[in-house]
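Novice: just to be clear, the model below is a prediction. Sequence and coordinates:
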Amino acid sequence: MTKVLYPGSFDPITKGHMNVIEQASDLFDEVVVAVLQNQSKGLGFFTLEERLEIIRELYRDYQNIQVVLGNGAAVDLALLHGCKAIIRGLRGISDYDHEVQLAMTNQDISEGKVNTILLFASKEYQFVSSSMVREVFGLEKDINRYVDPFVQEKMLQKRRGY
């Protein structure tokens, strides 16, 4: 069985993230989606628990997608969950250098046990990022092109205070 880890902060999970998850789900026996706190991004819009709940709801009907909370290095989570590779989404050339550096570091840290696989989101999601979604949402503009309707509703509920 080939198991892969897809780590991210997913704050919020976008249609681009979902496209990568679903591609991985078609390619591999099991995808472990690890919700992590990115320390450089502060506390975020949703709590870790809210993100976990949202993603679990989105993928409740998928038998080969597991959603977990994680902390620490993604490579350690991959090893903990028996994953042979880490999936990373690549939006464009601007992400490439960072992703190569991360891939080489993860392979070194894991002593060659964990590889990195780069997947491209469909072209309509290449420019979508969680930070862009939060910014557009903060301007009270429509975000339905960027996130699932369930995610949009959760963001609206949070804005209204419940």
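Specialist: Here it is on my side, so go on. Numbers count the residues shown, from 1 in each chain.

Novice: which residues does the lowest-mean-pLDDT helix or strand in the chain contact?
Specialist: Least confident helix or strand, the chain: helix 93-109 with a mean of 90, by mean pLDDT, DSSP states H and E. Residues from elsewhere that reach helix 93-109, judged by Cβ atoms under 8 Å, 6 or more residues apart in numbering: Ala73, Ala74, Val75, Ala78, Ile86, Arg88, Leu90, Val114, Asn115, Thr116, Leu118. Heads up, the C-betas are built off the backbone N, CA and C, glycines and all.

Novice: report the separation between the third one and Val136.
Specialist: Per Cβ to Cβ, to the nearest Å, Val75 is found 32 Å from Val136.

Novice: looking at the two, which has the bigger crowd around it?
Specialist: When Val75 and Val136 are compared for neighbours, Val75 comes out ahead with 22 against 16, by other Cβ atoms under 10 Å.

Novice: what about the more buried one, which helix or strand?
Specialist: Using DSSP states H and E, Val75 sits in helix 74-80.

Novice: what helix or strand is Gln63 on?
Specialist: Gln63 belongs to no helix or strand, assigned by DSSP H and E.

Novice: dump the C-alpha coordinates for stretch 124-140 into PDB.
Specialist: C-alpha atoms of stretch 124-140 as PDB (Å, rounded to 0.1, in the frame of the first residue of the first chain):
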ATOM      1  CA  GLU A 124      -8.000  27.600 -12.800                       C
ATOM      2  CA  TYR A 125      -6.500  27.300  -9.300                       C
ATOM      3  CA  GLN A 126      -2.800  28.000 -10.000                       C
ATOM      4  CA  PHE A 127      -3.100  31.500  -8.500                       C
ATOM      5  CA  VAL A 128      -5.300  30.600  -5.500                       C
ATOM      6  CA  SER A 129      -3.700  30.800  -2.100                       C
ATOM      7  CA  SER A 130      -5.200  30.800   1.400                       C
ATOM      8  CA  SER A 131      -3.700  34.200   2.100                       C
ATOM      9  CA  MET A 132      -5.300  35.600  -1.100                       C
ATOM     10  CA  VAL A 133      -8.700  34.100  -0.100                       C
ATOM     11  CA  ARG A 134      -8.500  35.600   3.400                       C
ATOM     12  CA  GLU A 135      -7.600  39.000   1.900                       C
ATOM     13  CA  VAL A 136     -10.500  38.900  -0.600                       C
ATOM     14  CA  PHE A 137     -12.900  37.700   2.100                       C
ATOM     15  CA  GLY A 138     -11.700  40.500   4.400                       C
ATOM     16  CA  LEU A 139     -12.700  43.000   1.600                       C
ATOM     17  CA  GLU A 140     -16.100  41.400   1.700                       C
END
